[in-house]
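Peer 1: What follows is a protein structure lacking sequence information:
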Ligand code: SF4
């Protein structure tokens, strides 16, 4: 596949760390009917005792009446997750016997008018390590692209892209802006990504933005948390810190990589605007920092994807937007 058809972050890396987190907490469907049939034909249930404790797959009517299959959970994780965090299907029958989404994860592929863009999902438990130490991602993408996907890639085709409050551009113009914008963030100093983005957006839209400051960001952060806490489910509510982490300079390369991944994957489109999407990235980074650092980002993102929490995040769009606008390039040491 040519470079114009498939875009990924320059120098992106990934290697699975075998943590098993991708087999925990998610819903495991839709599974291709032929995969379910293959597992039945090869009598997988008799090879794996937990699959005999109850139904190992579920069948629901899909929107057009055809059955939709998913793998069952046991104790919150996939029925086929072994204690050593490896997959029982993979071990018994080989990788091709698994559902497409297990084989594709953690690659996220999005289709847009320029082609496909591929990133690693930050809800992968090994992302914070392997983004720097893993194998070259480009070499792994052909395998992901060749998978027999029963559903099409998510498409980026909004009517417009809101790049600043009240300022929208066409998706075509966004795709032209995307690469130079990302290059600026990539080249920017450690921890400067948000400020760089804000400066570039202000310049291309000829808008002047209020000066960002630690005091303004702390006030918006507190209001955002106040709004979210009663709306989200208990586990996430318990993790919401009252104020931002004192510094934003820890592991700047990782957080910059996350921001670039979010931009290339157009993750902001799901929240409704670029500023709100970047505000969400900031919020997630702050929650990860409050929990202990980059390795916690996967857990944070997984909690945020719980439907109840995701609804609250979308409703908090105005606050997330303000968070992006107020965030300083450098966060002073606490008390400074
Ligand atoms: S969460 Fe990521 S690193 Fe962990 S097992 Fe799954 S793919 Fe591998």
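Peer 2: On my side now, so go ahead. As the structure is a prediction and not an experimental result, all values here were calculated from the model. Residues are numbered from 1 along each chain as shown.

Peer 1: Alongside the ligand, which residues does the protein contribute?
Peer 2: Neighbours of the ligand within the chain, by C-beta under 6 Å from any ligand atom: 16, 17, 18, 19, 20, 21, 22, 105, 106, 124, 125, 126. All C-beta atoms are positioned from the backbone trio N, CA, C, and that covers glycine.

Peer 1: Contact partners for the first one?
Peer 2: Same thing as residue 16. For residue 16, the contacting residues are 126, 130, by C-beta atoms under 8 Å, 6 or more residues apart in numbering.

Peer 1: measure it to residue 293 for me?
Peer 2: Distance, residue 16 to residue 293, by C-beta to C-beta, to the nearest Å: 21 Å.

Peer 1: where does residue 163 land in three-state SS?
Peer 2: Using DSSP: H, G, I helix; E, B strand; the rest coil as the criterion, the local structure at residue 163 reads strand.

Peer 1: Report the buried residues of stretch 238-248.
Peer 2: 239, 240, 244, 245, 248 (16 or more other C-beta atoms under 10 Å).

Peer 1: now the strands: where do they sit in the protein?
Peer 2: Listed in chain order, the strands of the chain (DSSP state E) span 6-7, 13-14, 28-31, 57-61, 67-71, 73-74, 77-78, 107-112, 115-120, 135-136, 161-164, 167-169.

Peer 1: outside of the fifth one, which residues touch it?
Peer 2: Strand 67-71 is contacted from outside by 27-33, 35-36, 56-62, 78-80, 99, using C-beta under 8 Å, 6+ apart.

Peer 1: Separate out the buried members of those.
Peer 2: Judged by 16+ other C-beta under 10 Å, buried ones among the contacts of strand 67-71: 28-32, 35-36, 56-58, 78-80, 99.

Peer 1: Which residue in those has the weakest pLDDT?
Peer 2: Among the buried ones among the contacts of strand 67-71, residue 29 has the lowest pLDDT, at 84.

Peer 1: For it, which non-adjacent residue is spatially closest?
Peer 2: Closest residue to residue 29 apart from its sequence neighbours, by C-beta to C-beta, 6 or more residues apart in numbering: residue 70 at 2.8 Å.

Peer 1: what are the bridge partners for that neighbour, then?
Peer 2: Beta-bridge pairing of residue 70 under DSSP bridges involves residue 58.

Peer 1: Just the pLDDT for it.
Peer 2: Listed pLDDT for residue 70 reads 95.

Peer 1: now do residue 50
Peer 2: Per-residue pLDDT puts residue 50 at 94.

Peer 1: same question, residue 272
Peer 2: 95.

Peer 1: To what extent is it buried, counted in neighbours?
Peer 2: 15 (other C-beta atoms under 10 Å).

Peer 1: what about the closest residue to residue 27 other than its chain neighbours, distance to residue 194?
Peer 2: The shortest distance from residue 27 to any non-neighbouring residue, by C-beta to C-beta, 6+ apart, is to residue 70 (6.1 Å). Applying C-beta to C-beta, the value for residue 70 to residue 194 is 38 Å.

Peer 1: Which one's more surrounded, these two?
Peer 2: Neighbours around residue 70 and residue 194, counted as other C-beta under 10 Å, are more numerous at residue 194. The numbers are 28 against 17.

Peer 1: which residues touch the residue of the chain found nearest the ligand?
Peer 2: Closest residue of the chain to the ligand, C-beta to the nearest ligand atom: residue 126 (2.6 Å). The contact partners of residue 126, taken as C-beta under 8 Å, 6+ apart, are 14, 15, 16, 17, 18, 19, 21, 106, 134.

Peer 1: Now for the fifth one, how many residues are close by?
Peer 2: Neighbouring residues of residue 18 were enumerated by other C-beta under 10 Å; the total is 12.

Peer 1: residues in contact with it?
Peer 2: So residue 18 contacts 85, 86, 126 (C-beta under 8 Å, 6+ apart).

Peer 1: Per-residue pLDDT of it, please?
Peer 2: 93.

Peer 1: Hmm, residue 321 is touching residue 279, no?
Peer 2: Yes: counting by C-beta atoms under 8 Å, residue 321 does reach residue 279; the two are 5.7 Å apart.
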